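1. Structure here, sequence nowhere to be found:
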């Protein structure tokens, strides 16, 4: 028999529910039907919403599908001079918040629409007009959005407060602890905190040691990690939570732990792939007490960690954007010369958005490589196409290199990343 840990009701096929241990909003994939009944799952969903709201500026930029379908969060941003609003979504794509549309009816009865916005909105607008005015002659012109890449500032402040996040994080910790079939009696006290809605300052804090708690095997990995440690000797039970590898916390589940030694580890990529990674965390009772009584927020360490994360996302966005563009262009135009391809690439760089906010994201060293086989102008062989970011503390430019394997045809082009 399995009972709901929140209300104690027996979980049956009639009242069972799927609970994401790490919320779906932050790309959690681990889930269970043996934690919360349907009513309690719905009741506690507000805690997931708090976490979702707090990390929205990050989740909005991640171009990765979640376990449960739904609209991806989008950041509404405002150009300070004109007050015009834009939306910044996944993979750093900008679009107009409200495109400008001017309708003109000419003397001869022709209807003309002047549309000013991004291409995606333009195509959708044109399709709707064609359905509406079937058989009628209409003119639709698209004035390229001159301010689609303005220097933007965030419309709203973004704050991550441990006071706001304690209960959502505690829920994650309890869920994972019980998912690993550990004894519920050791976490009854913190379950009561969830029920009362109280925030206890000495139960959680940010955790950014000088070393990586979860060691990444790939430089651009983005991981969600959970670690439960039950220390019989030190009589402490705690949980380490790392979201996106950048928002890291320690939650104390029991500071008078009388159970057995426990070590449960879960690590997954944001695409849902569960992976095994080396974990290094072993807090003494004194270290845990000192950490939880800490009153200084590790702003610098957190900022550096988040900057690294956004640098990875920015790098992936450029990589994906160019890869899709080039593959599509090569597929449609297999006989184009390399010089014509360079022209297309140069135009595509004009589509990469910049802003004061996004420029800050560039201050991260990183490197990208991608190879695409193309037909050489000599017609006898194929050559590799390499995309790499120059690493010099700040991404200043991207180098595109092609070299034929059969002739001396070699081309190198440098493109400045817009600033």
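-> Nice, thanks for sending it over. Since the structure is predicted, the reported quantities are computational estimates derived from the model, not experimental observations. Numbers count the residues shown, from 1 in each chain.

2. Tell me if I'm right that residue 298 and residue 210 touch.
-> No: judged on CB atoms under 8 Å, residue 298 makes no contact with residue 210 at a distance of 10.9 Å. No exception for glycine: its C-beta is placed from N, CA and C like everyone else's.

3. More neighbours: which of those two?
-> Counted by other CB atoms under 10 Å, residue 298 and residue 210 do not tie: residue 298 has more neighbours, with 16 against 5.

4. Tell me how many other residues crowd the closest residue in space to the more buried one that isn't next to it in sequence.
-> Distances taken as CB to CB, 6 or more residues apart in numbering place residue 208 nearest to residue 298, at 4.7 Å, with adjacent residues excluded. When neighbours are counted by other CB under 10 Å, residue 208 registers 16.

5. Confirm that residue 208 sits in a strand.
-> No: under DSSP: H, G, I helix; E, B strand; the rest coil, residue 208 sits outside any strand and is assigned coil.

6. where does it fall, phi/psi-wise?
-> In terms of degrees, to the nearest 10, the main-chain angles of residue 208 are phi -130, psi 80.

7. going forward can the numbers begin at 565, since that is how I track them
-> All set: I'll call the first residue 565, so the last point we hit is now residue 772.

8. do you know how far it is from residue 591?
-> Distance, residue 772 to residue 591, by CB to CB, to the nearest Å: 21 Å.

9. Please apply the same query to residue 673.
-> Counting by CB to CB, the gap from residue 673 to residue 591 is 53 Å.

10. So for the two, which residue has more residues nearby?
-> Neighbours around residue 673 and residue 591, counted as other CB under 10 Å, are more numerous at residue 591. The numbers are 24 against 8.

11. Isn't the more buried one up against residue 623?
-> Yes: applying CB under 8 Å, one finds residue 591 in contact with residue 623, separated by 7.4 Å.

12. Count the residues that sit near the residue nearest to residue 796 when sequence neighbours are not counted.
-> Once flanking residues are discounted, residue 796 sits nearest to residue 825: 4.9 Å by CB to CB, 6+ apart. Residue 825 has 10 neighbours, counted by other CB under 10 Å.

13. how close does residue 825 sit to residue 771?
-> From residue 825 to residue 771 the distance is 21 Å (CB to CB).

14. Kindly report the same for residue 840.
-> From residue 840 to residue 771 the distance is 21 Å (CB to CB).

15. Mind checking which of the two has more residues around it?
-> When neighbours are counted by other CB under 10 Å, residue 771 comes out ahead of the other of residue 840 and residue 771, with 21 against 8.

16. Can you give me the pLDDT of that one?
-> Residue 771 carries a pLDDT value of 93.

17. Next up, phi/psi of it, please.
-> Taking degrees, to the nearest 10 as the convention, residue 771 sits at phi -140, psi 110.

18. ok now do it, which residues does it touch?
-> 777, 804, 812-814, 855 (CB atoms under 8 Å, 6 or more residues apart in numbering).

19. Looking at those, spot the one nearest residue 742.
-> residue 804 (16.7 Å; CB to CB).

20. give me the element that closest one is part of.
-> Per DSSP states H and E, residue 804 falls inside strand 800-807.

21. Check which strands are paired with that strand and give the direction for each one.
-> According to DSSP bridges, strand 800-807 forms sheet pairs with strand 787-795 (antiparallel), strand 811-818 (antiparallel).

22. With distance to residue 576 as extra columns, can I get those strands in a markdown table?
-> As requested, the strands paired with strand 800-807 are exported to a markdown table (distance: least, CB to CB, whole Å):
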| stretch | distance to residue 576 |
| --- | --- |
| strand 787-795 | 27 |
| strand 811-818 | 28 |
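
23. TSV please, covering these and showing mean pLDDT, mean neighbour count and distance to residue 731.
-> Formatted as TSV, the strands paired with strand 800-807 follow (pLDDT from 0 to 100; neighbours: other CB atoms under 10 Å; distance: least, CB to CB, whole Å):
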stretch	mean pLDDT	mean neighbour count	distance to residue 731
strand 787-795	97	22	17
strand 811-818	95	22	10
